[in-house]
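>>> any chance you could fold what I've pasted below:
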Amino acid sequence: MKKLLFSISMFALVAMFATTSYAQIKTPAPSPSATFTQAIGLSDVTINYSRPSVKGRKIFAADGIVPLGKVWRTGANAVTKISFGADVKVGGKELKKGDYAILTIPNANSWAVHFYAYETGSWNSYVEKTPAAIATASVGKVSPAVETFLVTISGITDDSADLVFTWANTSATVPMSFEVESKVMAQIEKTLAGPTTGDYYAAGNYLLSIEKDLDKALMYVQKATKGENPRFWQVRREALILAKLGKKTEAIAAAKLSKELAMKAGNDDYVRMNEKSIAEWAKM
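Numbering: from 1, shown residues only. Predicted coordinates for the structure are as follows:
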């Protein structure tokens, strides 16, 4: 019995070491993964994909590794993933910012590039789904041949670039474009127009919090509260600054206005805070 138990223990120990040893062996991936990020205009485009190699095989052909007219995962292993940091037009088709899975249907003269809202790395799961967009890629020949599948972004301008798939002697290109000019102009106009009421309020609120330059804090906050649509929390800060400056009558008037605005907005917390302050300041 002891010999049997010893044999079983030794077998388990050997199996454990064999499993551990096997798990420690790391070999090169047949189709190594790659990730790159490219800035285009005001946003980034990030691509995650795997890179199979030709290895003497026929690639894009009726009898090739990638049969013409058939859905291809566009790489190897997991589905190719592309992430857009802003809304984009791909081949003239609009896509919202976000993550997409790419499947393609290569043909001799063009490719159909399908973009699916990204859900999983399993490329098969997208085949029966409806793409968010289908773009047409123009096809050209490259020489010398590219041994390892390559996805690149080239032809970069301020608001556009080309998404390029290259393998063996074939290259497929899809144009991408981003809205840049209107966004830059909006930033320019906002900046040159000067600080907003929100900026003035933030500056005044900060000075109040550190209890420094209260006269300047009042000036800043009143630039926000004297507008057409003052907010109850902004007027509340004005009341607090006035109270700190010893201007109780003006502080009470501001607190009453803040209370009225808070009541209209349905904010009971600010109603109570203002009522408490009004009662306290009235006694002074």
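>>> all contacts plus neighbour counts: C-alpha atoms, from now on.
OK.
>>> ok, residue 118 - contacts?
By Cα atoms under 8 Å, 6 or more residues apart in numbering, the contact list for residue 118 reads 81, 99-101.
>>> between the residues you listed, which sits nearest residue 281?
Using Cα to Cα, residue 99 comes nearest to residue 281 of the contacts of residue 118, at 56.0 Å.
>>> part of a helix, is residue 240?
Yes: using DSSP: H, G, I helix; E, B strand; the rest coil, the assignment for residue 240 is a helix.
>>> now do the strands in this structure.
Ranges of strands within the chain are 33-40, 43-50, 80-84, 88-90, 93-95, 98-106, 110-117, 133-154, 160-177, based on DSSP state E.
>>> which phi and psi does the residue most central in space within the chain have?
Among the residues of the chain, the one closest to the centroid is residue 85, at 5.0 Å (Cα atoms, centre = their mean). Main-chain torsions, residue 85, degrees, to the nearest 10: phi -80, psi 0.
>>> hang on, it packs against residue 95?
No: using Cα atoms under 8 Å as the test, residue 85 is too far from residue 95 to be in contact (10.9 Å).
>>> and the closest residue to residue 217 other than its chain neighbours, what does it touch?
Leaving aside its sequence neighbours, residue 217 sits nearest to residue 204 (Cα to Cα, 6 or more residues apart in numbering; 4.0 Å). Contact analysis of residue 204 by Cα under 8 Å, 6+ apart lists 216-221.
>>> ok, now with 6 Å
Listed by Cα atoms under 6 Å, 6 or more residues apart in numbering, the contact partners of residue 204 are 217, 220-221.
>>> from those, which is closest to residue 253?
Nearest member of the contacts of residue 204 to residue 253, counting by Cα to Cα, is residue 221, at 15.3 Å.
>>> does that closest one touch residue 201 like I think?
Yes: counting by Cα atoms under 6 Å, residue 221 sits close enough to residue 201 to count as a contact (4.8 Å).
>>> on that earlier part again, among the contacts of residue 204, who's most crowded?
residue 221 (27 neighbours; other Cα atoms under 10 Å).
>>> what residues are up against it?
Contacts of residue 221 by Cα under 6 Å, 6+ apart are 200-201, 204.
>>> go on, residue 165?
150-151, 171-172.
>>> who does it bridge with?
For residue 165, the beta-bridge partners are residue 151, residue 172 (DSSP bridges).
>>> I'd like the distance between residue 220 and residue 234.
Residue 220 is 11 Å from residue 234, where distance means Cα to Cα, to the nearest Å.
>>> and for residue 254?
Taken as Cα to Cα, the span from residue 254 to residue 234 is 10 Å.
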